[in-house]
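Peer 1: here are the coordinates; sequence isn't available:
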C-alpha cells in the first residue's frame, strides 16, 4: 500500500483554527496551513497541488467564495476537493458554497471527528472519480 500521506491545504485567518486543524490532521495527512485566500492562490500558483483544501468563508483580501470561484474556474485546480468552513450555521452560506463548487461544508466550531469523517468521505469520492 502507498504510504505517502495525502496533502491537505488549510486556509483560515484564525490561528486557533489553523492550529486545531493541524493538530487533528497531521497524524494522517501532510498539512499546509495558510492565513487567507491570497496566500492560498499564491501557493497553488507556485505549482503545489494538494489532495484536498479546507478554506474558511470569511477571510481578508480574498474570501472563501472568491477563492473557491478561482479554483473552480482554473484548468489546473478545478478538480481539487474543497471543504468550506464558516462560523455561521446558515443554510444560505452553505447553499452558496455548494453552488460555487464546494464538496462539503462544516460549521465552526467543529467536532474534530466530524471534520476527519468529512475529509475521508470527500477524498474517497474524489479518488473514485479520478479512476473513472
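Peer 2: Noted; the coordinates are in hand. No experiment lies behind these values; they were computed from the predicted model shown. Residues are numbered from 1 along each chain as shown.
Peer 1: mind listing what the most centrally placed residue in the chain touches?
Peer 2: In the chain, the centroid-proximal residue (Cα atoms, centre = their mean) is residue 54; its distance is 1.7 Å. By Cβ atoms under 8 Å, 6 or more residues apart in numbering, the contact set of residue 54 is 8-12, 21, 82-85, 106, 115, 119. Quick note: C-beta positions are derived from backbone N, CA and C, even for glycine.
Peer 1: looking at those, which one is closest to residue 99?
Peer 2: For these, the minimum distance to residue 99 (Cβ to Cβ) is 11.3 Å, reached by residue 84.
Peer 1: please identify which helix or strand holds residue 101.
Peer 2: Using DSSP states H and E, residue 101 sits within no helix or strand.
Peer 1: excluding its backbone neighbours, what's nearest it?
Peer 2: residue 72 (4.0 Å; Cβ to Cβ, 6 or more residues apart in numbering).
Peer 1: contact partners for the one you found?
Peer 2: With Cβ under 8 Å, 6+ apart, residue 72 has these contacts: 78, 100, 101.
Peer 1: neighbour-wise, give me the winner out of the residues you listed.
Peer 2: For these, the largest number of neighbours (other Cβ atoms under 10 Å) sits with residue 100, at 17 neighbours.
Peer 1: state the distance from it to residue 120.
Peer 2: Counting by Cβ to Cβ, to the nearest Å, the separation of residue 100 from residue 120 is 23 Å.
Peer 1: check residue 7 too.
Peer 2: On the measure of Cβ to Cβ, residue 7 and residue 120 end up 15 Å apart.
Peer 1: higher neighbour count, the two?
Peer 2: Neighbour comparison, residue 7 and residue 120: the larger count goes to residue 7, with 15 against 11 (by other Cβ under 10 Å).
Peer 1: next, give phi and psi for the more buried one.
Peer 2: phi -100, psi 130 (degrees, to the nearest 10).
Peer 1: give me the secondary structure label for the residue nearest to the centre of the chain.
Peer 2: At residue 54 the chain is in strand, as set by DSSP: H, G, I helix; E, B strand; the rest coil.
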